[in-house]
Every structure is written in structure tokens, then in C-alpha cells.
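Trainee: Next comes the sequence, and after it the predicted model I'd like to discuss.
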Amino acid sequence: MVRAEATDEEIEAMADTMTVLPEDAGGALLLGRVHVPGAGPTPVLVRDGVLHDISGVAPTMAHILNLDGLEGRLGGSFPGLGSLDDALGAPPGDDARLHLLAPVDLQALKAAGVTFANSLIERVIEERAAGKAGAAAAIRADLQTRIGVDLSAIVPGSDAAMAVKAELQKIGLWSQYMEVGLGADVEVFTKAQPMSSIGHGDEIGLHPASGWNNPEPEVVLIVNSRAEIVGATLGNDVNLRDFEGRSALLLGKAKDNNASCAIGPFIRLVDDGFTLDHIRGETVSMTVEDADGYRLEGSSSMAQISRDLLDIVGQTCNRTHQYPDGFALFTGTMFAPVEDRGAPGMGFTHAIGDVVTIASPRLGTLVNTVTTSDRARPWTMGTTALMDNLARRGLLPARAG
């Protein structure tokens, strides 16, 4: 049988697949989650463009990523659910079609803040501007003149960092952001609740009252209950600069809103071809585009992070704080857009409908469209709903009564 030439739609779907996957996808161990019509959330292995059901290995991603010898358990054959093209062509939230979900489920969703020197400066600017975008440019110029030292060359918690801290205190430039940027203790906060993250292709939500905000393209570490980094993916830890700038105590409201945590498209497992050193050297690029032709480009290099990944993970999970379901850890970003999008001196802020594309060579591409949290699809499937779903499907023992 001779097959006709591919349609425009098929060509577009294939291009999407090639873009979404890592450049070396053929040698990558990629795990994700999909919605299966008539069933529900299902963990999958991505192999040769096909999504394979691995719920027989374990029912949730948290279960799977806590298993010993995981790479060996994924070497067999598994039922095919459909092609990645099929899933990419379906709108998120359409329960009648196979579509991608965020690749984590029961894990805690954590984030490390102020891990890059330039993000440290921008957080201080937010604080001094009290959340007012129009004041940022003048404060930025003043800080760059007065600090007089390359903060990116300073190791947090070191003697050199403490000396800089003392000098900054003398000239009245110390702040809570300087403390976590230069001090020994990393800032780790809860980004969102387990089961609440959105995946590739979905809408990402901003609080409707925010007028100064930006995307935050980040590498997200996937860590098991033993504090072992078992994989990585991409994430967008959207930032409401006005909320947090008014008060650091508003961090929860600035960060944890409906649809405000995007993760995906897939988790790449650490193996011989993808090591922690690969993650340490990864560069994350980002574009923001709208229908009127606006385009913003930026990037964030993990090589310029101020703290080592193992230090951040060790300060997150240790003898004083455990995560029995594992956790996803946003590692921070050096990207902070400051160029004016509209009125002079007002800097960048999102517009509804912005398409945010976050990509890296070894982790693929995560694309989301900006909306407000009250307009995004409400979060309805929490932990209890997932457990009930898995029990009905025979993937968990049925509850008595």
C-alpha cells in the first residue's frame, strides 16, 4: 500500500515532536504522564515516538521514581497507548483524547530562590521598589553603581561572602534577599501543591491582580525519598514581582496560584548518558511571543548558579526534613527581563495570550500560554481523587466499604 504524502497537520505534529523531545532523544530515558480516555492519569515511557503504559511497574510517578534499579525495570516491553504526535495534537483538559499531563504527581513541589547573582539583584530591586515597576530602573542603576563587586564570583556562605555582607550592611544595602543569596542557608519554599502542576501545552496562570510579573525558566530536579537526584525536567516558576516586592511574606500568594506551576514535557532520568555534570552545564533558553509580533528572548546558564545542585538538595531534604514521596525542585534562574515592553521605565510584564517557550538541548521544550489563574481550568484532581481513580482501575487495592 502506497501512503500519500503527509498532510500539513501531520508535518506540523512531527515538527512539534522533534522540538518537544531532547536533541539526543534516541538515547534518553524519558518518563511522563498522560491522560488516557476512559482511564485517567497514567505514567508512560517515551520510546521511538510512542507512549508506553508503565503503570504495571508502579501506579504513580512518585512510586516509580522511588524504585531501586529503575533503569533495569524499564528495559522490557510495555503496552503502547498511542503516539506522542497524537498526544501533542490534543488540547489539554480534553478527557476524550490522549493528552500530556505534568510528569509529576504525588511529589512535593519545591523551589530554591536567589540562586543566581543577577536574580539576587532583581529581588533587591523589587523589595526597594515596593512592588512598583516604574521605580525599578532608577534603583537598578543605583545598585549597580554602589555594590561595586561581581556577586557571581562569590560562593555563598564563604568568608568572602561574609566580608561582602559586612560591607553592604555598612552602606545600607543589606536585605533579606542578600541574606539568602550570599549566606550559608539557601532559600527553599513550597512552589505549589502535589498534583497541581500543569504540563506542556497547557495554560499557565497569573494572579489577576498582578501588574508586574515575568516567567522564570528553570531546570527542575526530580529527587526521590532518599534525596537522590534521579532525573530532571524543565519548569516555569512564574514570578509576581509586585506581590513579592511589597512584602516577602506574600511569597505564597506570589507563587502558589491555580495553574501557576508548569513542569515538563518529560522527566529525563539520570544515567550514563545524562549525568549531574550534564545538568550542571545545561543552558535553558526562553522566548515570549504574542499575536502582535512582540518577542522577548533570554537564557539561563546552569554553569553560573551560585550553589551546587547537591548543596541545594541537601538543604532541602535531610535529617530535619523528609519527603517520603520525593520532590520536584526548581533550581532558580538567572533570567530577569528588564527591557521595556510598553511605557518607558515600566520594564517587562506579561500580556494575556503570551506564548512562553522554554527549551534546553537535553531536556526538550516546554510551551505554555499565559492566562490568569481565575480563567485557567480549575484544579480538581487532587491526591484523594487520584487514589480513588487508581483503586477503580485495579492499580491499588480497593478500599473496604
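Mentor: Perfect, I can see it now.
Trainee: And stretch 295-309, how far out from the chain middle?
Mentor: 13 Å (Cα atoms, centre = their mean, to the nearest Å).
Trainee: got it, and stretch 156-167?
Mentor: 30 Å.
Trainee: Now it - C-alpha only, PDB.
Mentor: Output in PDB follows, covering the C-alpha atoms of stretch 156-167 (Å, rounded to 0.1, in the frame of the first residue of the first chain):
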ATOM      1  CA  PRO A 156      27.500  31.800  49.300                       C
ATOM      2  CA  GLY A 157      28.500  31.200  52.900                       C
ATOM      3  CA  SER A 158      32.200  31.700  52.300                       C
ATOM      4  CA  ASP A 159      34.500  34.100  54.100                       C
ATOM      5  CA  ALA A 160      34.500  36.300  51.000                       C
ATOM      6  CA  ALA A 161      30.700  36.300  51.000                       C
ATOM      7  CA  MET A 162      30.600  37.300  54.700                       C
ATOM      8  CA  ALA A 163      33.000  40.200  54.000                       C
ATOM      9  CA  VAL A 164      30.800  41.500  51.200                       C
ATOM     10  CA  LYS A 165      27.800  41.100  53.500                       C
ATOM     11  CA  ALA A 166      29.500  43.300  56.100                       C
ATOM     12  CA  GLU A 167      30.400  46.000  53.600                       C
END
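Trainee: So which bits of it are buried?
Mentor: 156, 157, 161, 164, 165 (16 or more other Cβ atoms under 10 Å). Any C-beta I mention is one placed from the backbone N, CA and C, and that applies to glycine too.
Trainee: Return the distance of the residue nearest to the last one when sequence neighbours are not counted relative to residue 151.
Mentor: On the basis of Cβ to Cβ, 6 or more residues apart in numbering, the spatially nearest residue to residue 165 that is not a chain neighbour turns out to be residue 182, at 5.4 Å. To residue 151, residue 182 is 7 Å away according to Cβ to Cβ, to the nearest Å.
Trainee: what is in contact with the two at once?
Mentor: 120, 164 (Cβ atoms under 8 Å, 6 or more residues apart in numbering).
Trainee: ok, the two, which is more surrounded?
Mentor: For residue 182 versus residue 151, neighbours defined as other Cβ atoms under 10 Å are more numerous around residue 182 (25 against 19).
Trainee: Kindly state the pLDDT recorded for that one?
Mentor: With respect to pLDDT, residue 182 scores 84.
Trainee: So it is in contact with residue 164, correct?
Mentor: Yes: assessed by Cβ atoms under 8 Å, residue 182 is found in contact with residue 164 at 6.2 Å.
Trainee: any shared contact partners between these two?
Mentor: Here residue 182 and residue 164 have 151, 154 as joint contacts, going by Cβ under 8 Å, 6+ apart.
Trainee: which residues touch residue 279?
Mentor: Residue 279 makes contacts with 219, 221, 229, 232, 270, 302, 309, as judged by Cβ under 8 Å, 6+ apart.
Trainee: tell me which of those is nearest to residue 66?
Mentor: Comparing the contacts of residue 279 against residue 66 with Cβ to Cβ places residue 229 closest, at 13.1 Å.
Trainee: Test my guess that that closest one contacts residue 271.
Mentor: No: under the criterion of Cβ under 8 Å, residue 229 is not in contact with residue 271, lying 12.0 Å apart.
Trainee: who's more crowded, these two?
Mentor: residue 229 (18 against 14).
Trainee: show me where the protein has helices.
Mentor: With helices called from DSSP state H, the chain shows them at 8-20, 61-65, 70-73, 84-88, 117-129, 136-147, 159-170, 176-182, 241-246, 251-255, 276-280, 309-316, 383-392.
Trainee: From the contact counts, what lies against the fourth one?
Mentor: Right, the one you point to is helix 84-88. helix 8-20, strand 50-53, strand 99-101 (3 or more Cβ pairs under 8 Å, 6 or more residues apart in numbering; DSSP states H and E).
Trainee: hmm, try it at 10 Å
Mentor: helix 8-20, strand 30-36, strand 40-47, strand 50-53, strand 99-101, strand 261-269 (3 or more Cβ pairs under 10 Å, 6 or more residues apart in numbering; DSSP states H and E).
Trainee: closest to residue 383 out of the ones you listed?
Mentor: So among the helices and strands packed on helix 84-88, strand 40-47 is nearest, using Cβ to Cβ, at 11.5 Å.
Trainee: what angle do the closest one and strand 30-36 make?
Mentor: Interaxial angle, strand 40-47 versus strand 30-36 (axes from the mean of the first three to the mean of the last three Cα atoms, to 10 degrees): 140 degrees.
Trainee: Convert the C-alpha atoms of strand 40-47 to CSV, please.
Mentor: The C-alpha coordinates for strand 40-47 follow below in CSV (Å, rounded to 0.1, in the frame of the first residue of the first chain):
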residue,chain,number,x,y,z
GLY,A,40,-7.2,8.6,33.7
PRO,A,41,-3.6,9.7,34.7
THR,A,42,-1.1,7.1,33.6
PRO,A,43,2.7,7.1,33.8
VAL,A,44,4.4,6.5,30.5
LEU,A,45,7.8,5.7,29.0
VAL,A,46,8.6,7.6,25.7
ARG,A,47,10.3,5.3,23.2
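Trainee: one step back: can I get the contacts of residue 279 in CSV including distance to residue 282 and pLDDT?
Mentor: Listed next are the contacts of residue 279 as CSV, based on distance: Cβ to Cβ, whole Å; pLDDT from 0 to 100:
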residue, distance to residue 282, pLDDT
219, 6, 98
221, 11, 98
229, 13, 98
232, 8, 98
270, 13, 98
302, 5, 95
309, 11, 97
